[in-house]
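K.L.:
Need a 3D model of the sequence below.
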Amino acid sequence: MSSFHFYEASNKNMDEIFEILNEFEKEAPALDYPHIHRAKMKQTLMMFLQKGKIILIKDLDKNKIVGLTIFLFTEYLWSKEQLLSIQVIYILKEYRSLKLFNQTMDIVKNQAKGRDIHLSISTKLMADKLLDRYGFEKMGGLWRLPNV
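P.N.:
Model (predicted):
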């Protein structure tokens, strides 16, 4: 069984972040997502490094990045109260497990410091049971009408 190290990314980790997101792009067609625009992605990642956090997950046995979580603190639209908004959780397919998800969420929960945590699923993956198991409450949903 692999040992994992979770750590906060910085500018020096940009190549590793691009590497793991290249793996996400391989799954993107099955999720009906457009291809990654490298310049836009770099600009967005730099914003998250400044205003939020990117947590990398490394398999220590293979010395390989196997996942990441990107989040930022923001306010409710109608309130000054802050919440932690998860933008991305991505783990390589062969590493996806309840245990690794729970470890990832425990890191996020620790970062939230008692604030509400919001996560929107915007892929075709159905994660209701997983999120319910962790303790998330379903507060609506996101619906997308593809460009027809």
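K.L.:
just checking, what packs against the helix or strand of the chain with the lowest mean pLDDT?
P.N.:
Lowest by mean pLDDT, DSSP states H and E among the helices and strands of the chain is helix 128-134, with a mean of 71. Here helix 128-134 touches helix 98-112, going by 3 or more Cβ pairs under 8 Å, 6 or more residues apart in numbering; DSSP states H and E. Placement of C-beta: from N, CA and C, glycine included.
K.L.:
What's the mean pLDDT across the helix it packs on?
P.N.:
Mean pLDDT, computed over helix 98-112, is 93.
K.L.:
Now do the helix or strand just after that helix: which elements does it pack against?
P.N.:
Per DSSP states H and E, helix 98-112 leads on to strand 116-119 as the next helix or strand towards the C-terminus. Judged by 3+ Cβ pairs under 8 Å, 6+ apart, the packing partners of strand 116-119 are strand 82-91.
K.L.:
Now do the strand it packs on: distance to the chain's middle.
P.N.:
5 Å (Cα atoms, centre = their mean, to the nearest Å).
K.L.:
what sits up against that strand?
P.N.:
Residues outside strand 82-91 that contact it (Cβ atoms under 8 Å, 6 or more residues apart in numbering) are 20-21, 23-24, 48, 52, 57, 66-76, 100-101, 104, 108, 111-112, 115-119.
K.L.:
For residue 55, list each beta-bridge partner.
P.N.:
Beta-bridge partners for residue 55, by DSSP bridges, are residue 8, residue 69.
K.L.:
re earlier: dump the least confident helix or strand of the chain to PDB, keeping only the CA atoms.
P.N.:
Output of helix 128-134 as PDB, limited to C-alpha atoms (Å, rounded to 0.1, in the frame of the first residue of the first chain):
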ATOM      1  CA  ASP A 128     -23.600  11.800  -4.200                       C
ATOM      2  CA  LYS A 129     -23.000   8.600  -2.100                       C
ATOM      3  CA  LEU A 130     -19.400   9.500  -1.500                       C
ATOM      4  CA  LEU A 131     -20.200  13.100  -0.400                       C
ATOM      5  CA  ASP A 132     -23.100  12.000   1.700                       C
ATOM      6  CA  ARG A 133     -20.800   9.400   3.400                       C
ATOM      7  CA  TYR A 134     -18.300  12.200   4.300                       C
END
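K.L.:
which residues are contacting that helix?
P.N.:
With contacts defined as Cβ under 8 Å, 6+ apart, helix 128-134 is touched by 98, 101-102, 105, 119, 121, 138.
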